[in-house]
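> Fold the following.
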Amino acid sequence: MNVLFNLHPLTRAGAGIAVYTQNLVKELAAHQDVENIAGFLGSEVFSNEELQDWLRGSRLKEKGKIGNSRLTETVRSFVRSVPGMYGLRHALREVKCKPVLRDLAQSGYIYHEPNYIPISYSGKQVITVHDLSHIRYPEFHPPERVAFMNRYLKRAIERSDFVVTDSTFVRSEIMDVFHVPGEKVVVTHLGADAAFHTREEAETADVLRQFNLKYRGFVLSVGTLEPRKNLERLLAAHTMLPKSIRQRYPLVLVGGSGWNDSHLLQQIQSKERLGEVIRTGYLPRNQVLDLYASAAIFAYPSLYEGFGLPVLEGFASGTPVLTSNVTSLPEVSGGAAFEVDPYSVEAIHDGLFRLLDDTALRERHVQLGLARAGQFSWARCAEQTVDVYRRLS
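Coordinates of the predicted model:
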């Protein structure tokens, strides 16, 4: 079978959909049933080995297409606020991609759109819908993005041959909201990259020294600073800890600025002055890996997730995880994380305190997490995805 991917999501390095796209394409390229795999970015098409070279970053670095600087995020935030910008960007991509997609459709490629809304395509197509947060929690997104998704997603689901999604939770939501027959929506659970694994103190010494941290001496949270991640309640819960614990276990926030984060940033800055919170911004991947594997707790009390990949990454890193008991997160956790009500500051505080105060409890969740991480893999995700393609052959 021949498979085609939209590579535009990969221009945002580190974003969840970029991680999904890169790992899935990498695994599919090695699958025995995939004869040819290609990806398009505008009018450019990369196939097979050339695509693998592109994924390894040489083409992206050369062309400067990936950047997570503060300036990049500022520009991106401005663009999100411009009326009609999402639709205009999509229309421009349609025009630019149309000639190459026509040829690929005629060659029998199955087009897999990894980011919700596909470019028009005359051949068979699969789309991945990661969550419906724009419907369930529109206040978590820029209004222009919500309007764009509301306009295009229903049509995309209707026109696709199959819809792939990350969890049983989201599958149920898609069926409920769009009245899609169950046989059309297929769950393919995600996996944790092999780069996430346990590390000894000496292996993480450089990054710990950079931020004046101690091994297993901080609470870590990774993600864009945005309302959906529930960081305001996490900050409040951490503040409720006894002063001695707050100072011994500062809260480390890794991730760039997101939409509607001004109030959160004010709260963070007041805690930074006390030395109880450390905000790193974006970090190189190797430093993020080291922080995952050296934290006392990984805290991810998100309000809504279609999967919650950071929870799995925390498990694989050998770090006890505190997460939410809502949406897809219990499905991913499987009881391996310390699950709390994300709407209750008291519940988050209680979870933090119990994990930080009880060495045996932390170790129990470390072992549960490592075992749980072993049940997920990108190879399995790819195999489940190929099963969908087979149904189109």
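> Could I get the full set of strands for the stretch 101-250 of the chain?
Listed from the start of the chain, the stretch 101-250 of the chain has strands (DSSP state E, counting those that start in this stretch) covering 110-113, 125-128, 162-165, 185-187, 219-222.
> Save those strands as CSV, and put in distance to Arg136 too.
C-beta coordinates here come from the backbone N, C-alpha and C atoms, glycine included. Putting the strands of the stretch 101-250 of the chain into CSV (distance: least, Cβ to Cβ, whole Å) gives the following:
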stretch, distance to Arg136
strand 110-113, 21
strand 125-128, 18
strand 162-165, 14
strand 185-187, 17
strand 219-222, 22
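> Tell me who's in contact with the nearest residue to Arg199 once chain neighbours are set aside.
With Cβ to Cβ, 6 or more residues apart in numbering as the criterion, Arg199 has its nearest non-adjacent residue at 3.9 Å, and that residue is Ala293. For Ala293, the contacting residues are 196-199, 203-204, 317-319, taking Cβ atoms under 8 Å, 6 or more residues apart in numbering as the criterion.
> switch to 10 Å and redo it
Taking Cβ atoms under 10 Å, 6 or more residues apart in numbering as the definition of contact, the neighbours of Ala293 are 196-201, 203-204, 215-216, 220, 313-314, 316-319.
> do Phe46 as well
Contacts were defined as Cβ under 10 Å, 6+ apart; by that measure Phe46 touches 5, 7, 37-40, 52-55, 59.
> go with 8 Å
Contact analysis of Phe46 by Cβ under 8 Å, 6+ apart lists 7, 38-40, 53-54, 59.
> so when I look at it, I'm seeing a strand, right?
Yes - assigned with DSSP: H, G, I helix; E, B strand; the rest coil, Phe46 falls within a strand.
> if we can go back for a sec, for ChimeraX, what selects the buried ones among the contacts of Ala293?
With 16 or more other Cβ atoms under 10 Å as the criterion, this ChimeraX line picks the buried residues out of the contacts of Ala293:
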select :196,199,204,215,216,220,313,314,316,317,318,319
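> which two from the contacts of Phe46 end up farthest apart in space?
When Cβ to Cβ is used, the two most widely separated members of the contacts of Phe46 are Phe40 and Asp53, lying 15.4 Å apart.
> Compare those two (neighbour count), which wins?
Taking neighbours as other Cβ atoms under 10 Å, Phe40 and Asp53 compare with Phe40 leading, 23 against 12.
> before we move on, the earlier item: mark which of the contacts of Phe46 are buried, thanks.
Of all the contacts of Phe46 considered here, the ones buried according to neighbour count by 16+ other Cβ under 10 Å are 7, 38-40, 54, 59.
> Closest one to Ala236 out of those residues, please.
Within these, the smallest distance to Ala236 is 40.1 Å, found for Leu7 (Cβ to Cβ).
> The closest one touches Val45, doesn't it?
No - Leu7 is beyond contact range of Val45, at 9.4 Å (criterion: Cβ atoms under 8 Å).
> what's the overlap in contacts for those two?
Here Leu7 and Val45 have Gly39 as joint contacts, going by Cβ under 8 Å, 6+ apart.
> Identify those among the contacts of Phe46 that sit within strands.
In strands, defined here by DSSP state E, the members of the contacts of Phe46 are 38-40.
> Any chance of these in TSV with pLDDT and distance to Met240 as columns?
Formatted as TSV, these follow (pLDDT from 0 to 100; distance: Cβ to Cβ, whole Å):
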residue	pLDDT	distance to Met240
Ala38	96	52
Gly39	96	47
Phe40	95	50
